[in-house]
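Undergrad: Predicted model and sequence follow; I will ask about them next.
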Amino acid sequence: MMMSVQDQARNAVGAGVVPLLAVEGLSVSFRTKRGRVAAVRDFDLRIRPGEVVALVGESGSGKSTIGHALIRLLRRGHDVDIGGRAAFQTKDGHAVDLLTVPERRMRALRGNDIAMIFQEPMSSLNPIYTIGSQIGEAIRLHNPMSRRAARDETIALLAQLGLPSPEQCVDSYPHQISGGMRQRAMIAMALSCRPSLLIADEPTTALDVTIQAQIIALLQQQQARTGMAVLFITHDLGLVAEIADRTTVLYAGQTVENAPVSGIFARPLMPYTRALLDTIPRIGSSAEANYVLEPIPGQTASPFDLDGGCAFRPRCRHAREELCAQPQVLASAAPGREVRCCRWRDLERAS
Amino acid sequence: MTQALLDIRGLRKFYPVGGGLFRRPAQVRAVDDISFALQSHEVLGLAGESGSGKTTIGRTILRLTEPTSGEIIFKGENVATFDRRRLHRFRRDAQIIFQDPFASLDPRMKIGQIVAEPLAVQNVARGKKRRDKVAEMLDLVSLSADYMDRMPHELSGGQRQRVVIARALVVSPQFVVADEPVSALDVSIQAQIIALLKSLKQRLGLSILFISHDLAVMEYLSDRIAVLYLGRLMEIGPTRGICGAPHHPYTRALLSAVPQLDPGKRNARMILKGDIPTAIDPPSGCVFRTRCPYTIAACADPVPMRELSPGHWSGCIRDDIPASAAPAARP
């Protein structure tokens, strides 16, 4: 990308464009009966305007905690400690720290600048209001207008999201429409105020595969149309390949690999990412004579058992205790690529 | 051909819905005229989305749900006509592995008791022999004998699913229904359980009816695959045929919907329009025709299954759909 000197000077980060969101050193820990447990540790993330970044991890990796902390559904309290910064560029040109901005201001940002969609659309829609009144409420909250106008806008939005007979849907209650339609309605609500960042937390996990394909195509199409950035939280590497520009792989609350999406599938560097890719059955496997799944032994790390060394090493077949018991740093491996493994260079040479 | 271990003929399960004092209830045709056979030592995958009837078929075969009509011939006998005593004995031959290992284990029982329970119910192997059998089963699923005295809440999801499998296999059944056995598990744990099921099939010569919505898992584990939609059979055949050269447009759509681990193959999907229709009033003829991109007028007439190649049957009347529409298996 061509850039003037002034642009670069203005841009303290130097990563091309001023990031829409720059998370630095985010840590989230919960106080429990068994003591303090670190769910997210020293997490960094940068999202440029219009970029689709995937956060991938298994349960307990901290991926949803990050999403919740960024939109402040999770906030500091007597049992939650949150550290770090999350600088966000608002639509009106200000920079705010999402972790500390006053609640009043945060409320103005939610929906308008940052929207979120969740896994289970039934539990995130209110069962006693119609689809239209819920979407209309979101629109009117940020853009004062008459109910009538909000209703028309809602219908237009639902039509745009491919809901059949939007005039009927607008007056339906959530239980009267199917799961796929509910997720479309959720997306309509999220997009209603044209946010610059959409946090999508496993938005298709509860849906059937053919409906999932519809929703992913819809998200891609809406992303391209509006140019919003998306933080796509998922456990499914297949969806990452489908939708993301870049991806961050999480394990036990830490980033273990950062890469452009083409790189992570062609040349995964972290042994965990490699192992994860080998553990997923692929369509077409029956045509390959010697196709064998390689399960990862053991269980996902418990946040109570972390000792400061590499959290994946008990399950890693490349682990060397003398090296891997040390704290691991997230090292730069190539432009745009980072990996948290002291052995990645050796393994790369060996393969 | 030798006699099949299990032969399902014209299986139907209808559920009444609605209705009242003077109004006849409508019927949900959850399973409508399904026929297939399962050979010994074979894994047959039942693929389908929610509402396809795959779970109902599995439960009906074991008589956990009563069939509305049809025959379930197991080793020459019709399970549908079994009385209580015969059914009790049948459960030594046929067991089930459930989806959610958190819901299917009694939280107040020790693992040892859980795995021993089918032995107690069937009144086989007592005392030390029973304990040995339980230890043997735990060993089979790669859990040490120490687990016998633990409680379910102490175990992870993958370990619980191993316990569920040990419990199903402790009475040495020949036939097991595995209903979405890996769907509730994390990706890295899924493969462990898939590999375990595969090795158990080989070591014990099990016949498995493997129910799943995940075609990639199914392709890896199954010898044959049956594709269901709205309670009807769409296509059935050898795994390589179904996944490599799918005939029915629904099978193609289902395969195409599975996200590939390759960013280069984006947007190469066949995306179906609309939602699965209700099984109360399914479309006439081919039930898939309302969402099918290749539907023609003749699809509204009855569509009998046709054998395309040995053992590969399809319910689609068209042979002129270009293969390029199929995301065929790539080597």
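TA: Thanks, I have the structure now.
Undergrad: Neighbours of the residue of chain B found nearest chain A, how many?
TA: At 2.9 Å from chain A, B:P259 is the closest residue in chain B, using CB to the nearest CB. Any C-beta I mention is one placed from the backbone N, CA and C, and that applies to glycine too. Applying other CB atoms under 10 Å in any protein chain shown, we find 24 residues neighbouring B:P259.
Undergrad: Hmm, it is touching A:A244, no?
TA: No. Here B:P259 does not reach A:A244: they are 11.3 Å apart, not a contact under CB atoms under 8 Å.
Undergrad: Count the neighbours of A:H175 for me.
TA: When neighbours are counted by other CB under 10 Å, A:H175 registers 9.
Undergrad: for B:A103, helix, strand, or coil?
TA: When classified by DSSP: H, G, I helix; E, B strand; the rest coil, B:A103 comes out as coil.
Undergrad: tally of neighbours for it?
TA: 10.
Undergrad: mind checking pLDDT for it?
TA: Model confidence at B:A103, expressed as pLDDT, equals 88.
Undergrad: Skip the chain neighbours and tell me the closest residue to A:S64.
TA: A:D201 (5.6 Å; CB to CB, 6 or more residues apart in numbering or on different chains).
Undergrad: who are the neighbours in contact with that neighbour?
TA: A:D201 makes contact with A:64, A:67, A:116-119, A:233, according to CB atoms under 8 Å, 6 or more residues apart in numbering or on different chains.
Undergrad: Bridged to it, which residues?
TA: A:I233 (DSSP bridges).
Undergrad: thinking again about what came up before, could you identify the pair within the contacts of A:D201 that is furthest apart?
TA: Using CB to CB, the two most remote members of the contacts of A:D201 are A:S64 and A:I117, lying 12.5 Å apart.
Undergrad: And residue 137, which helix or strand is it part of?
TA: Using chain A. helix A:131-142 (DSSP states H and E).
Undergrad: nope, chain B
TA: Secondary structure assigned from DSSP H and E places B:M137 in helix B:127-140.
Undergrad: Tell me the buried residues in that helix?
TA: Neighbour counts over helix B:127-140 (16 or more other CB atoms under 10 Å in any protein chain shown) mark B:130-131, B:133-135, B:137-138, B:140 as buried.
Undergrad: hmm, who's touching the next helix or strand after that helix?
TA: Using DSSP H and E, the helix or strand that follows helix B:127-140 in sequence is helix B:157-169. With contacts defined as CB under 8 Å, 6+ apart, helix B:157-169 is touched by A:299, B:95-98, B:101-102, B:104-105, B:111, B:114-115, B:117-118, B:134, B:137-138, B:140-143, B:147, B:152, B:155, B:176, B:181-182, B:184-186, B:189, B:192-193, B:196-197, B:200, B:204, B:206.
Undergrad: Narrow those to just the buried residues.
TA: Among the contacts of helix B:157-169, the ones that count as buried by 16+ other CB under 10 Å are A:299, B:95-98, B:101, B:104-105, B:111, B:114-115, B:118, B:134, B:137-138, B:140-141, B:143, B:147, B:152, B:155, B:176, B:181-182, B:184-186, B:189, B:192-193, B:196-197, B:200, B:206.
Undergrad: other SSEs contacting the helix holding B:M137?
TA: helix B:111-122, helix B:157-169 (3 or more CB pairs under 8 Å, 6 or more residues apart in numbering or on different chains; DSSP states H and E).
Undergrad: Contacts for that helix next, please.
TA: Under CB under 8 Å, 6+ apart, the answer for helix B:127-140 is B:111-112, B:115-116, B:119-120, B:125, B:144-145, B:147-148, B:162-163, B:166-167, B:169-170, B:200, B:203.
Undergrad: What of stretch A:146-158?
TA: Applying CB under 8 Å, 6+ apart, the external contacts of stretch A:146-158 come out as A:131-132, A:135-136, A:139-140, A:145, A:166-167, A:169-170, A:184-185, A:188, A:191-192.
Undergrad: now with 6 Å?
TA: A:132, A:135-136, A:139-140, A:166-167, A:169-170, A:188 (CB atoms under 6 Å, 6 or more residues apart in numbering or on different chains).
Undergrad: Need these in CSV (columns: distance to chain B, neighbour count and pLDDT).
TA: Output for those, formatted as CSV (distance: CB to the nearest CB, whole Å; neighbours: other CB atoms under 10 Å in any protein chain shown; pLDDT from 0 to 100):
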residue, distance to chain B, neighbour count, pLDDT
A:G132, 20, 21, 93
A:I135, 20, 27, 93
A:G136, 24, 25, 93
A:I139, 26, 20, 91
A:R140, 29, 17, 92
A:P166, 14, 20, 89
A:E167, 17, 11, 90
A:C169, 12, 23, 90
A:V170, 18, 23, 93
A:A188, 16, 26, 91
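Undergrad: pLDDT value on whichever residue of the stretch 201-350 of chain A sits closest to chain B, please?
TA: Going by CB to the nearest CB, chain B is nearest to A:G238 of the stretch 201-350 of chain A, at 2.9 Å. For A:G238, the model assigns a pLDDT of 93.
Undergrad: Can you tell me the element it falls in?
TA: Secondary structure assignment for A:G238, by DSSP H and E: helix A:237-243.
Undergrad: for B:A37, same thing?
TA: Assigned by DSSP H and E, B:A37 falls within strand B:26-38.
Undergrad: Okay, now the sheet partners of that strand, with direction.
TA: Here, using DSSP bridges, strand B:26-38 pairs with strand B:6-17 (antiparallel).
Undergrad: Let me see the ranges of the helices in the chain.
TA: No chain specified, so I'll use chain A. A:5-10, A:63-70, A:103-109, A:121-124, A:131-142, A:147-160, A:166-169, A:179-191, A:209-226, A:237-243, A:261-266, A:271-278, A:321-324, A:344-350 (DSSP state H).
Undergrad: Oops, wrong one, chain B.
TA: Counting by DSSP H, one finds helices in chain B at the ranges B:54-61, B:84-93, B:111-122, B:127-140, B:157-169, B:187-204, B:215-221, B:239-244, B:249-257.
Undergrad: could I get these as CSV with mean pLDDT?
TA: Shown next, in CSV, are those (pLDDT from 0 to 100):
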stretch, mean pLDDT
helix B:54-61, 95
helix B:84-93, 95
helix B:111-122, 95
helix B:127-140, 94
helix B:157-169, 94
helix B:187-204, 92
helix B:215-221, 93
helix B:239-244, 94
helix B:249-257, 93
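Undergrad: Distance to A:A266 for those - can I get that in JSON lines?
TA: Converted to JSON lines, the helices of chain B look like this (distance: least, CB to CB, whole Å):
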{"stretch": "helix B:54-61", "distance to A:A266": "36"}
{"stretch": "helix B:84-93", "distance to A:A266": "49"}
{"stretch": "helix B:111-122", "distance to A:A266": "43"}
{"stretch": "helix B:127-140", "distance to A:A266": "39"}
{"stretch": "helix B:157-169", "distance to A:A266": "29"}
{"stretch": "helix B:187-204", "distance to A:A266": "20"}
{"stretch": "helix B:215-221", "distance to A:A266": "20"}
{"stretch": "helix B:239-244", "distance to A:A266": "24"}
{"stretch": "helix B:249-257", "distance to A:A266": "23"}
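Undergrad: where does the stretch 151-300 of chain A dip in pLDDT?
TA: Within the stretch 151-300 of chain A, no range satisfies pLDDT under 70.
Undergrad: who in it is up against chain B?
TA: Counting by CB under 6 Å from any CB of the partner chain, the stretch 151-300 of chain A comes close to chain B at A:178, A:180, A:208-210, A:213-214, A:217, A:235, A:237-239, A:241-242, A:261-262, A:265, A:279, A:281-287, A:293, A:295-296, A:299.
Undergrad: Any of those residues buried? List them.
TA: A:178, A:180, A:208-210, A:213-214, A:217, A:235, A:237-239, A:241-242, A:261, A:265, A:279, A:281-287, A:293, A:295-296, A:299.
Undergrad: Burial check on residue 268, number of neighbours?
TA: I went with chain A, as the question did not name one. With other CB under 10 Å as criterion, A:P268 counts 21.
Undergrad: ah, I was thinking of chain B
TA: Neighbours around B:A268, by other CB under 10 Å: 10.
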